[in-house]
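Trainee: Sequence first, predicted coordinates after that:
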Amino acid sequence: MSGGVPDRVPTMPQICHPHAIRMLELPFRETILEVLRNPPLMNRLVLRCARLYGVDGLRAFLPRETTRLEEDGPNAYSVDEDGRRTGRVDFRGGGGITPFEECLIRDDADLERLQVPDAETLADSPAVASVRETVREAGDDLFVASAPGNFTIEGVAFHRGKQQTMHDLIESPDFAHRIIDKLTDMAIQRALALCRAGVDALYLGETFGGVVGPRHFQEFCVPYIARLVDAVQPCDVLTYLHICGNSTLILEMMADTGIDCIEPLDPLGGVDIADAKRRVGDRVALMGGVNTVALARGTLDEVVSDCRRCLRDGAPGGGYILACGDMLPTETPPDRVRAMLDAATRFGSYERSA
């Protein structure tokens, strides 16, 4: 991720806890609910899965607060202290909660009530302690990344709802900027706390980067991402930027933020690794590109062939990490992941690159 040339291309599939649960052959529904009740379990499951696969790196997320749950037939819901349902458990996606009420910030008064945490206080919190424990258990064998949370357009969407956010970017851009400015301050403090926990890298995500168009990405994302990257510069930690879907039109803008690495180079979104390597490979490392549909539903030969494509286009000159074109699908058979790792060993050597 620092742009060097190791003995072979490293591998870092985006393992999230729903896949770890499947791979570890744990009861799926029960374990998803247990993670919501006991959030630090999420990182322990991912670490255990990463160890069994033998990958080179993993992501350890800041656990959210414990969720009160209510089960109702096949569904489960989060409930508040008064017993009111506030969201539905997402068993098919990331295992989190889909809230019923999206708009949490309606005006500047709501925004003012958001408190910017202090990095020193956060460093002693149970959430950061979970990441610190993962770093400790990973030791020198595993590269550990963590995320300070969403703070650009995706951050607005979390607090305003997706549909309202799209209106805000056009009709109320100043308000959107004020929200992002506050969220960036909050993310910087979380990032500094994670640096104190000893992470090797910070994952910065923006789901809407490949959707909103280059002009809005430049206005609402680039300066704020650059601010966070600059804030953690003294911490000697790497940073990488995750843009879902088609990031082809904004590759240079992503590199302009000062980030160390760009991912996930989603081929399903139309991203071509060779094109990215040619345009920004001398400025940033590249990570990703393996077709997630092939991983979830393809044959072993198809997975190996796709990995060889990624290695052929990304590996020359170093600065490439073999990884999924997005989150490793929950249903991915473990032998497909192992085929991906084997491909990096067999065809990712810099002495005999693919």
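Mentor: In hand now; what should we look at?
Trainee: Which residue is the nearest non-sequential neighbour of Ala193?
Mentor: Distance criterion CB to CB, 6 or more residues apart in numbering; nearest residue to Ala193, sequence neighbours excluded, is Leu122 at 3.7 Å. Using the backbone N, CA and C atoms, a C-beta is placed for each residue, glycine as well.
Trainee: Can you give me the neighbour number for the one you found?
Mentor: 21 (other CB atoms under 10 Å).
Trainee: so it touches Arg132, yeah?
Mentor: No. In this structure Leu122 lies outside contact range of Arg132 using CB atoms under 8 Å: 11.3 Å.
Trainee: Sketch out the strands for this structure, chain order is fine.
Mentor: Assigned by DSSP state E, the strands in the chain fall at 57-59, 69-72, 75-79, 85-89, 97-99, 143-146, 201-206, 238-243, 261-263, 285-287, 320-321.
Trainee: and the third one, which strands flank it?
Mentor: Put plainly, it is strand 75-79. Strand pairing for strand 75-79, using DSSP bridges, gives strand 69-72 (antiparallel), strand 85-89 (antiparallel).
Trainee: what does that strand contact?
Mentor: 33, 36, 67-71, 85-89, 91, 97, 99 (CB atoms under 8 Å, 6 or more residues apart in numbering).
Trainee: Just give me how far that strand sits from the chain centre.
Mentor: 25 Å (CA atoms, centre = their mean, to the nearest Å).
Trainee: quick one: contacts for the closest residue to Ala147 other than its chain neighbours?
Mentor: With CB to CB, 6+ apart as the criterion, Ala147 has its nearest non-adjacent residue at 4.3 Å, and that residue is Tyr203. For Tyr203, the contact set (CB under 8 Å, 6+ apart) comprises 59, 145-147, 240, 242.
Trainee: Please repeat the previous calculation with a cut-off of 10 Å.
Mentor: Going by CB atoms under 10 Å, 6 or more residues apart in numbering, Tyr203 touches 14, 59-61, 145-148, 194, 238-242, 261, 263.
Trainee: Let's see if you can find the most crowded of the residues you listed.
Mentor: In the contacts of Tyr203, the most neighbours by other CB under 10 Å go to Leu194, 31 neighbours.
Trainee: Quick check: which of the strands paired with strand 75-79 is buried the most?
Mentor: strand 85-89 (a mean of 17; mean count of other CB atoms under 10 Å).
Trainee: any idea of the mean pLDDT in that one?
Mentor: Mean pLDDT, computed over strand 85-89, is 95.
Trainee: looking at the protein, which residue ends up farthest from its center?
Mentor: Asp82 (33.0 Å; CA atoms, centre = their mean).
Trainee: Val5: neighbouring residues, count only.
Mentor: Neighbourhood size, Val5 [other CB under 10 Å]: 13.
Trainee: Next, the contact list for it, please.
Mentor: Contact partners of Val5, counting by CB under 10 Å, 6+ apart, are 315-320, 350.
Trainee: Repeat the analysis, applying 8 Å as the threshold.
Mentor: Contacts of Val5 (CB under 8 Å, 6+ apart): 317-319, 350.
Trainee: same thing with Thr11?
Mentor: Thr11 is in contact with 55-57, 321-323, 340-341, 344, counting by CB under 8 Å, 6+ apart.
Trainee: right, and out of those, which lies closest to Gly198?
Mentor: Gly57 (14.1 Å; CB to CB).
Trainee: State the distance from that closest one to Arg278.
Mentor: Computed as CB to CB, to the nearest Å, the Gly57 to Arg278 distance reads 25 Å.
Trainee: higher neighbour count, these two?
Mentor: The neighbour count for Gly57 versus Arg278, taken as other CB under 10 Å, is higher for Gly57 (22 against 12).
Trainee: from what I can see that one touches Ile15, true?
Mentor: No. Contact criterion CB under 8 Å: Gly57 and Ile15 do not qualify, at 9.7 Å.
Trainee: residues shared between the contacts of these two?
Mentor: Taking CB under 8 Å, 6+ apart as the contact criterion, the residues that touch both Gly57 and Ile15 are Ala50.
Trainee: still on that earlier bit, between the strands of the chain, which has the poorest mean confidence score?
Mentor: Note on the strands of the chain: strand 97-99 shows the lowest mean pLDDT, a mean of 91.
Trainee: By mean pLDDT, point me to the weakest helix or strand of the protein.
Mentor: Counting by mean pLDDT, DSSP states H and E, the chain has its least confident helix or strand at strand 97-99, which shows a mean of 91.
Trainee: Looking only at that one, what residues are buried by neighbour count?
Mentor: Ile97 (16 or more other CB atoms under 10 Å).
Trainee: Give the pairing partners of it; include direction for each.
Mentor: Sheet pairing of strand 97-99 (DSSP bridges) gives strand 85-89 (antiparallel).
Trainee: Put the alpha carbons of the strand it pairs with into CSV.
Mentor: In CSV, the C-alpha atoms belonging to strand 85-89 read as follows (Å, rounded to 0.1, in the frame of the first residue of the first chain):
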residue,chain,number,x,y,z
ARG,A,85,-38.9,-0.1,16.6
THR,A,86,-36.3,2.1,15.1
GLY,A,87,-35.0,-0.1,12.3
ARG,A,88,-34.9,-3.6,10.7
VAL,A,89,-31.9,-6.0,10.9
